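Chemist: Sequence plus the predicted model coming up.
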Amino acid sequence: AYVAVTSNTFSVAAFHNCSRGVQTTSKQAKDNSCQVATNGGPFQSYRNGGCTGEVIISGKVVSGEFSTFSSLVGFGVTNDNEWLFGRLANERETQQLGIDYFVTGFGWLVYNGLNVVTSNTTEPNMEIPSSARTAVGVDHEGRLILLVVDGCEKCFERKYRGSTLQEIAALLVRIGAKHAI
């Protein structure tokens, strides 16, 4: 899935509604008339695609692995245009909250303005080294923050690899994030 924001709308789109397959974000953006697009949410496979966690598109659950015990945290928007961060327990909760769009991320980077990424975290995928990163958050005034850092996972020189999760979280705090995944 990927996250897209135009001047006044936010949406989530998934290639073939989260079934197998991959497609570039530039193609997804063009097909969905988006001005800005980025990858969003973990994939089942880098080669074959597929969504992991909850994905909601236009109020419809297209991928649902609901669990309040999961370390995965998501981001979305309600039909009242309110940003939403957290875990979803079940499909009924998505309807009660009026969620229009939602995509799962990996875990909290910033919570209540604090960097919550530690070097000894037990969260899955939080000890990944430098890499390309995508983060989404809100500042203390409720404005959306999208942060994308390019990187090359297989590059030998550290300066080309991207950023660690600790570095991304620290940057998000510096630019005023209240919550971010």
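Modeler: Cool, the structure landed.
Chemist: make it CA atoms for all contacts and neighbour counts henceforth
Modeler: Will do.
Chemist: Can you give me the separation between K178 and G40?
Modeler: Per C-alpha to C-alpha, to the nearest Å, K178 is found 19 Å from G40.
Chemist: for I175, same thing?
Modeler: I175 sits 21 Å away from G40, going by C-alpha to C-alpha.
Chemist: ok, now G142?
Modeler: Taken as C-alpha to C-alpha, the span from G142 to G40 is 20 Å.
Chemist: Compare these two (neighbour count), which wins?
Modeler: A direct count of neighbours by other C-alpha atoms under 10 Å for G142 and G40 places G40 higher, at 27 against 13.
Chemist: Go ahead and confirm the more buried one touches T134.
Modeler: Yes: under the criterion of C-alpha atoms under 8 Å, G40 makes contact with T134 at 7.2 Å.
Chemist: Would you mind measuring the gap between the ends of stretch 144-164?
Modeler: End-to-end distance of stretch 144-164: 22 Å, with C-alpha to C-alpha as the criterion.
Chemist: quick one: low-confidence ranges for this structure?
Modeler: Residues of the chain that meet the criterion pLDDT under 70 lie in 1-23, 36, 39, 41-50, 67-70, 119-128, 153-159.
Chemist: For it, which segments are assigned as helices?
Modeler: Ranges of helices in the chain, per DSSP state H, are 25-31, 91-97, 165-174.
Chemist: Name the stretch among those that sits most buried.
Modeler: The highest mean neighbour count among those, using mean count of other C-alpha atoms under 10 Å, belongs to helix 165-174: a mean of 20.
Chemist: Please name every helix or strand in contact with that helix.
Modeler: Packing partners of helix 165-174 (3 or more C-alpha pairs under 8 Å, 6 or more residues apart in numbering; DSSP states H and E): strand 110-111, strand 114-115, strand 133-139.
Chemist: Just put those strands in CSV and tack on mean neighbour count and distance to E54.
Modeler: Converted to CSV, the helices and strands packed on helix 165-174 look like this (neighbours: other C-alpha atoms under 10 Å; distance: least, C-alpha to C-alpha, whole Å):
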stretch, mean neighbour count, distance to E54
strand 110-111, 20, 20
strand 114-115, 20, 24
strand 133-139, 21, 16
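Chemist: Minimum distance to D150: which of those strands has it?
Modeler: For the helices and strands packed on helix 165-174, the distance to D150 is smallest for strand 133-139, at 6.7 Å, taking C-alpha to C-alpha.
Chemist: strands paired with the closest one, and their directions?
Modeler: When pairing is defined by DSSP bridges, strand 133-139 lines up against strand 144-149 (antiparallel), strand 177-180 (antiparallel).
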